[in-house]
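# sharing a sequence plus its predicted fold:
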Amino acid sequence: MRFQLQSAAISANRLGKLLVSDLSTDTPGCFLYTRYGSVPFLPPDIYECIRSLPNMAFVPMFYIAERKYVLKKFHRGLVSFCGLGSRAAIIFQTDPVDPAPVCASDKRSVSVWATGGRIQLSVEEYTECVLASLPSAYQTPVDNETALPVSKKAGKKRCSNSVIRTGGYLELLLQERRNNVNLAKIPVWVSLAGGNDLQWRLNAIKDMDFSVASGIILDGFSLPDEGDDLGTGEELGNKTYVNQSHWSNLLPKICQLLPPHLPRFLAGVWQPHDIAIATRLGIDLFDGSLPYRLTRSAIAWIYPGWSSHNNKHESIYRSSDGRHFFIVFPLDEANITTLTETLYTSPIQADCDCFACTRHTQGYISHLHVAKEMLGPMLLMIHNSHQYYRFFDDLRLAASTNRLEDFIQFVQPMRFPCDLLAVDRTYESKGVNDSTLIDATINAS
């Protein structure tokens, strides 16, 4: 695994390629988010037809920990076991969609949360999972519980413990690598902890041996709830908020000290506007979970597209309620009654050429969600994935033409309400709220 940086910038406009054998992923970019060994809702013959699909898959450790003994007997690795084709697989400790309900890490082990509950993994057991799955790379164990909702106001002591524990995990892991030739051949992405405490973040960088790393994962940032301060001076209503401990204010100082030749992955950031800001601050890669988050909550992203020549908001995507960039299914009954003919002749997005939009209508997709047909989430996942990878194409275009600030302004209104995304309309996820969509829609208004 190697990283080719096309521009030497430490922060803004870092353009590059992450290479594994004959596969490559352009940066800034994302991984192909997988859950239970596959792209959620879609079989391989369908998701392989999506344009700009990433060549490298994001695989959470919980999936491997549940199947460690099966993978050992299989002998051919995770990619063959899951049918991921020719792409590479990179193991990450935490599934970004379902946060852990409680803190459970200790000095010698980390916790991963699977369908059956908590699985406590010592560093030795962690490496056994890696060897059983034979990935292209893997994240080193990390105490990232400073990012959990229960640790939102993690103090200096908690942040220091996360750095000390993560350093201890790495020492044990390096011992395992020295004792196992097969493990030593698998590239590692080192984890940097420290919560939202700048001093402990800098201490973690100072103490890190980057010579063993093929990549860097910035993990454990506590993200503000919707309505909290955004930390970047954006205006919400009539107030402007600035939070000096927000990740976007910490990243410039952190990225200045990171080796520029290593790719940087930021955990836990998935809103389009936040991704664009993080890219400007020096981040290269993201988890790719947004299409699943939206589809699980029956939301379709209306992404108008951006070009270096015309980056203005188009009035066609605006509406009276301000939600011009997404549609929630099933559609409101009043709209279906008054606009039946329009809804059953209009796609999700008029200018979208994905399979869902070229062959199906809003009314039909709404009916599928009312009837709880599995085709409904499948069509939304196709559409949302298409728009998400289109978003990254535009992000790279903006970075390559030095118009990243214009792109950030363009995507600023595209912030999906967290209470809507907390509703599971597919009843698939193990960690989301079971409240009704109607309640969430009322709260978001």
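That came through, no problem.
# from the chain's centroid, how far away is stretch 54-61?
10 Å (Cα atoms, centre = their mean, to the nearest Å).
# for the record, mean pLDDT for it?
Per-residue pLDDT values over stretch 54-61 give a mean of 97.
# what do you get for stretch 104-122?
92.
# list the buried residues for it?
105, 109, 110, 111, 112, 113, 114, 119, 121 (16 or more other Cβ atoms under 10 Å). (Each C-beta comes from the backbone N, C-alpha and C, glycine too.)
# kindly indicate which of these lies nearest residue 55.
residue 112 (25.3 Å; Cβ to Cβ).
# skip the chain neighbours and tell me the closest residue to the closest one.
residue 62 (4.4 Å; Cβ to Cβ, 6 or more residues apart in numbering).
# the one you found falls within a strand, correct?
No - read with DSSP: H, G, I helix; E, B strand; the rest coil, residue 62 is helix and lies in no strand.
# residue 120 contacts residue 109, correct?
Yes - with contact defined as Cβ atoms under 8 Å, residue 120 counts as touching residue 109 (5.1 Å).
# give me the helices and strands touching the helix or strand hosting residue 399, please.
Per DSSP states H and E: residue 399 is located in helix 375-400. Using 3 or more Cβ pairs under 8 Å, 6 or more residues apart in numbering; DSSP states H and E, the elements in contact with helix 375-400 are strand 29-30, helix 44-47, helix 272-280, helix 290-296, strand 299-301, helix 355-359, helix 362-370, helix 404-411.
# quick one: closest of the ones you listed to residue 4.
Short answer: strand 29-30, nearest of the helices and strands packed on helix 375-400 by Cβ to Cβ, at 13.1 Å.
# just give me the neighbour total for the closest residue to residue 378 other than its chain neighbours.
Leaving out its chain neighbours, the residue that sits closest to residue 378 by Cβ to Cβ, 6+ apart is residue 41, at 5.2 Å. Per other Cβ atoms under 10 Å, the neighbour tally for residue 41 reads 25.
# residue 41 reaches residue 295, doesn't it?
Yes - Residue 41 is in contact with residue 295 according to Cβ under 8 Å; the separation is 6.2 Å.
# give the residues shared as contacts by the two.
Shared contacts of residue 41 and residue 295, defined by Cβ atoms under 8 Å, 6 or more residues apart in numbering, comprise 377, 380, 381, 426.
# could you dump those to TSV with distance to residue 191?
Shown next, in TSV, are the shared contacts of residue 41 and residue 295 (distance: Cβ to Cβ, whole Å):
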residue	distance to residue 191
377	32
380	33
381	29
426	31
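# what's the closest of the residues you listed to residue 90?
So of the shared contacts of residue 41 and residue 295, ranked by how close each gets to residue 90 (Cβ to Cβ), first place is residue 381, at 21.2 Å.
# quick check: the closest one touching residue 291?
Yes - under the criterion of Cβ under 8 Å, residue 381 makes contact with residue 291 at 6.0 Å.
# what about these two, which has more around it?
A count of neighbours by other Cβ under 10 Å puts residue 291 above the other of residue 381 and residue 291, at 27 against 24.
# the nearest residue to the more buried one once chain neighbours are set aside - how many residues pack around it?
Nearest non-adjacent residue to residue 291, counting by Cβ to Cβ, 6+ apart: residue 384, 3.9 Å away. Using other Cβ under 10 Å, residue 384 has 26 other residues around it.
# and residue 384, what does it touch?
Residue 384 touches 290, 291, 294, 295, 299, 300, 301, counting by Cβ under 8 Å, 6+ apart.
# ok, residue 254 to residue 260 distance?
13 Å (Cβ to Cβ, to the nearest Å).
# more crowded one of the two?
For the pair residue 254 and residue 260, the greater number of neighbours falls to residue 254 (21 against 17), based on other Cβ under 10 Å.
# quick one: the more buried one is in a helix?
Yes - per three-state DSSP, residue 254 lies within a helix segment.
# low-scoring stretches of the protein, by residue?
8-12, 150-153, 225-245, 308-323, 334-341, 427-445 (pLDDT under 70).
# show me how it divides into domains.
Using automatic domain parsing, the domain parsing of the chain gives 2-288, 296-444.
# and the longest one, end to end?
Right, the one you point to is domain 2-288. 20 Å (Cα to Cα, to the nearest Å).
# distance from the chain centre to it, please.
Using Cα atoms, centre = their mean, the offset of domain 2-288 from its chain centre is 9 Å.
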